[in-house]
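>>> Sequence isn't available, so here's the structure alone:
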């Protein structure tokens, strides 16, 4: 019995710079669970199979990176009984939906499961919009997929498996909720044979800066915070679980031996929360003589990043640290429930600079209800935090099912069906004056990053001062 797991090409709006391809770590985890159930698993990673191919999707004014759907269909083993598909982001949905329909046309007898943030947030919508999908896996998928694999070998009846959504006689049904995986050390490591990591390592493809053989890795699951723009509460809930350090060290040693890696990139939602854990992890790296360059590229909070923690991170070769304050406006931070202190962010960045860690700051503009005045407070923050090396400014994306998306719909600022009508976030959200217009947002997107390019003399003075006195 063959299961085929598929990640389609990475999708971005036409004309957008897009994002660099990243290994499909979520599907690699599922592959490991299926393989453990003695199932023959095939993996198709459209991006990894052709990292350099860019193609146009004129129907939706999008572009793709990786194999096109006709190429993917040719790779699907005709003996496949179950197909699993990842659907992460709402802007990808129209393309993903069309691809799923074409797969069903070519393999009418296969059972198709879809998972990921987008379909978890909109299970009924997706099932009715794409009748080719038989089931949607809600939230974490490892235990669900393990059961799916075993069920297929037994009676082919999936309806009673927890954590699924489906249509039956055109009625929308959710099975019993699946509990979060508490003992995350029991989750098998990602299977990088089924989803080959080789193209990414051989081509030095990284999430963020880096030119070596950087391996993606996870040290935790979930996030305890409740940011109103984030899809985590729907996908994982607010329980935060961290791995045993010994298991993580064993995995790192395996990667060094097997893949000759030179670096680690932690893909965690919120990598550093427990101060004692991160200090113990740094000590374990030293004890095991692990001297890789590593980074925290997906954004983290500043609460636990005090001088002691930053010094510990710097001592074990952390090279890249991303902060995610999102805004410099106290009012906006209250709106998005980002419970941070701007002063703590500023101080922590100074500590990072003092340890020669490359610091990046992530900001978002265009939140529902933002005005020019609130944005200018973020501009003031950008001017104030001298010392970070890069700045990323993103347009607010109204993830389906989030608190802010519901607020925008309720106020008439966002069309219910914006997924199929808009390819960019700024064109989807239409707020009346004095709130920000799409033109305001697009203009600020271009201007804000320029604030990091101050005269070199000014940078040098500030960076020297911070290194001499990190508490200053």
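Received the coordinates, thanks. Note that this is a predicted model, so its numbers are computed, not measured.
>>> use CA for all of it now, contacts and neighbours both
OK.
>>> Assign a three-state SS to residue 314, would you?
Under DSSP: H, G, I helix; E, B strand; the rest coil, the three-state class of residue 314 is helix.
>>> and it, how far is that from residue 91?
37 Å (CA to CA, to the nearest Å).
>>> So for those two, which sits in the more crowded spot?
A side-by-side neighbour count of residue 314 and residue 91, using other CA atoms under 10 Å, places residue 91 first with 24 against 19.
>>> Give me the pLDDT for the more buried one.
The model reports residue 91 with a pLDDT of 83.
>>> which stretch of helix or strand covers residue 128?
helix 123-129 (DSSP states H and E).
>>> Go through that helix and flag the buried ones.
123-124, 126-127 (16 or more other CA atoms under 10 Å).
>>> same check, this time on stretch 179-189
180-181, 185, 188-189.
>>> Also stretch 228-245?
228-238, 240-243, 245.
>>> What of stretch 391-403?
391, 393-403.
>>> just stretch 45-64 next, same as before
So, applying 16+ other CA under 10 Å, buried residues of stretch 45-64: 45-49, 51, 54-56, 60, 62-64.
>>> Let's verify residue 339: helix, strand, or coil?
Per three-state DSSP, residue 339 ends up coil.
>>> Model confidence for it, exactly?
82.
>>> With residue 464 instead?
For residue 464, the predicted pLDDT is 48.
>>> what does residue 459 give?
41.
>>> Likewise for residue 95?
On the pLDDT scale, residue 95 gets 94.
>>> could you list every residue that touches it?
residue 60 (CA atoms under 8 Å, 6 or more residues apart in numbering).
>>> so it is in which element?
Assigned by DSSP H and E, residue 95 falls in helix 93-106.
>>> what bits of the chain have low per-residue confidence?
16-19, 37, 152-156, 208-210, 303, 383-389, 416-427, 448-472 (pLDDT under 70).
>>> Phi first, then psi, for the nearest residue to residue 366 once chain neighbours are set aside.
Nearest residue to residue 366, sequence neighbours excluded (CA to CA, 6 or more residues apart in numbering): residue 396, at 5.3 Å. Dihedral angles of residue 396 (phi, psi; degrees, to the nearest 10) stand at phi -50, psi 130.
>>> Residue 396 contacts residue 370, correct?
No. Applying CA atoms under 8 Å, one finds residue 396 not in contact with residue 370, separated by 10.6 Å.
>>> now the nearest residue to residue 185 once chain neighbours are set aside: how far from residue 82?
Of all residues not flanking residue 185 in the chain, residue 243 sits nearest, at 5.8 Å (CA to CA, 6+ apart). Counting by CA to CA, the gap from residue 243 to residue 82 is 31 Å.
>>> re the thing from before, ok, now which ones touch the residue nearest to residue 185?
184-185, 219-220.
>>> quick one, phi/psi of it?
Main-chain dihedrals, residue 243, degrees, to the nearest 10: phi -80, psi 160.
>>> How about the one 4 residues further on?
Dihedral angles phi and psi of residue 247 (degrees, to the nearest 10) take the values phi -70, psi -40.
>>> residues contacting it?
residue 185.
>>> you'd agree residue 7 is up against residue 24?
Yes. Shown here, residue 7 and residue 24 form a contact pair, counting by CA under 8 Å, at 7.4 Å.
>>> Common neighbours of the two, please.
Common neighbours of residue 7 and residue 24 (CA under 8 Å, 6+ apart) are residue 45.
>>> one step back: if we only consider the buried residues of stretch 179-189, which is nearest to residue 109?
residue 188 (29.8 Å; CA to CA).
>>> List the buried residues of stretch 402-410.
Within stretch 402-410, the residues that count as buried by 16+ other CA under 10 Å are 402-409.
>>> Check stretch 249-263 too.
Here stretch 249-263 shows 249, 252-253, 255-256, 259, 261-263 as buried, counting by 16+ other CA under 10 Å.
>>> Check stretch 136-155 too.
Neighbour counts over stretch 136-155 (16+ other CA under 10 Å) mark 136-149, 152 as buried.
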